[in-house]
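Peer 1: Below are the sequence and a predicted model; questions follow.
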Amino acid sequence: MKTFFNYLSLTIGSIIVAAGLELILAPNGLVDGGVTAIAIMVNSQLGWPIWIVYLGLNVPTLLFSGRFMGRKFVIRTLYANVVTTAALWWLAPMMAITSSEVLIVLYGGLMLGLGIGLVVKAGGAVDGTEMIAIWANRRFHIPISTFLLAVNAVILTGAAFVFTLEQAMFSIAVFYIVSKMIDFVLDGLNQGKSVMIISEKPHLIGEKLLEELDVSITYLYGQGGYTGDERLIIYCITNRFMYPKLKEVVLTIDPTAVLEASYVTETTGVKKQTLFQNQEGK
């Protein structure tokens with residue numbers, strides 16, 4: 001079932017990407033970056049179908065960099081590319097669904113970000129530049145983010161010459177929305193927060209958190225860097241909606257308490273077991 005849902009996600013994500021390209025961005029002369037942007041620009045200048053350019057660039061890239069990716073990634077990426085290509089071919093004759101600049105940037109970015117996010121979350125990819133970035137990282141130790149930023153900077157600069165400066169500026173906005181939407185799909189809305197609490201009243205705070213918020217906690221042993229005194233540090237994971245209440249409870253009991261909170265994108269485990277059980281200072 002897990003494999004089935006992964007391939008369902010690959011299929012849906014690929015179709016959404018194709019729809020965003022053929023029905024929103026390409027007809028209006030906007031791009032998002034990577035191979036898809038090159039395909040749109042070649043289509044604009046030479047009239048070649050987007051799906052031909054897309055497949056023609058992605059397949060050699062996948063074959064070249066596939067040995068660094070693993071068999072499962074290569075298979076799923078190839079499947080996503082085939083579905084995207086088929087959807088691009090099918091949607092090519094259709095008219096653009098909007099010509100509003102605001103709607104193009106907003107929904108074009110949202111659709112591509114959602115589609116790419118679903119594909120990546122299922123273990124594949126739809127853009128060849130990501131594959132080359134992984135190869136460059138393995139071969140020359142170039143950070144993936146740096147490589148992608150440099151490549152897309154060149155591509156988006158090229159968009160200003162192929163189309164207009166204004167369209168290139170809109171394309172940068174699309175690229176930003178796409179990246180944020182991918183993060184949203186991969187990380188989710190309900191990001192957790194890991195919280196460390198340093199207080200002179202750890203047991204009292206711990207009892208209140210368990211009683212009022214039903215938060216599972218762990219007591220960690222720490223030592224003051226200046227005084228050398230041993231103390232208990234409370235560690236727990238909550239969500240961003242519960243955190244303000246947790247902070248209120250802690251500071252009500254001990255106004256001098258120190259709280260350190262950080263976002264976490266994934267947690268696994270059973271509540272009140274293993275790491276997150278209440279150890280009662282043991």
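Peer 2: Done, it's in.

Peer 1: And the strands in the stretch 51-200 of the chain?
Peer 2: Along the stretch 51-200 of the chain, counting by DSSP state E, counting those that start in this stretch, strands occupy 192-198.

Peer 1: Helices of that one, start to end?
Peer 2: Remark: helices assigned in the stretch 51-200 of the chain by DSSP state H, counting those that start in this stretch are 71-91, 101-121, 128-140, 144-162, 165-187.

Peer 1: Which residues does the longest one contact?
Peer 2: Yep, that's helix 165-187 we're talking about. 25, 29-33, 37, 101, 104-106, 108-110, 112-114, 116-118, 120-121, 152, 156-157, 159-160, 265 (CB atoms under 8 Å, 6 or more residues apart in numbering). No exception for glycine: its C-beta is placed from N, CA and C like everyone else's.

Peer 1: about what we covered before: and the helices of the stretch 51-200 of the chain, which is most packed in?
Peer 2: helix 101-121 (a mean of 22; mean count of other CB atoms under 10 Å).

Peer 1: That one - contacts with which helices or strands?
Peer 2: helix 2-20, helix 165-187 (3 or more CB pairs under 8 Å, 6 or more residues apart in numbering; DSSP states H and E).

Peer 1: Kindly calculate the angle that the least confident helix or strand in the chain by mean pLDDT makes with helix 144-162.
Peer 2: Lowest mean confidence among the helices and strands of the chain (mean pLDDT, DSSP states H and E): helix 128-140, at a mean of 77. Orientation check (axes from the mean of the first three to the mean of the last three CA atoms, to 10 degrees): helix 128-140 against helix 144-162 gives 140 degrees.

Peer 1: From the contact counts, what lies against helix 128-140?
Peer 2: Counting by 3+ CB pairs under 8 Å, 6+ apart, helix 128-140 packs on helix 34-46, helix 50-65, helix 144-162.

Peer 1: Tell me the buried residues in the shortest one?
Peer 2: For helix 34-46, a neighbour-count test (16 or more other CB atoms under 10 Å) marks 34-44 as buried.

Peer 1: No further queries at this time; thank you.
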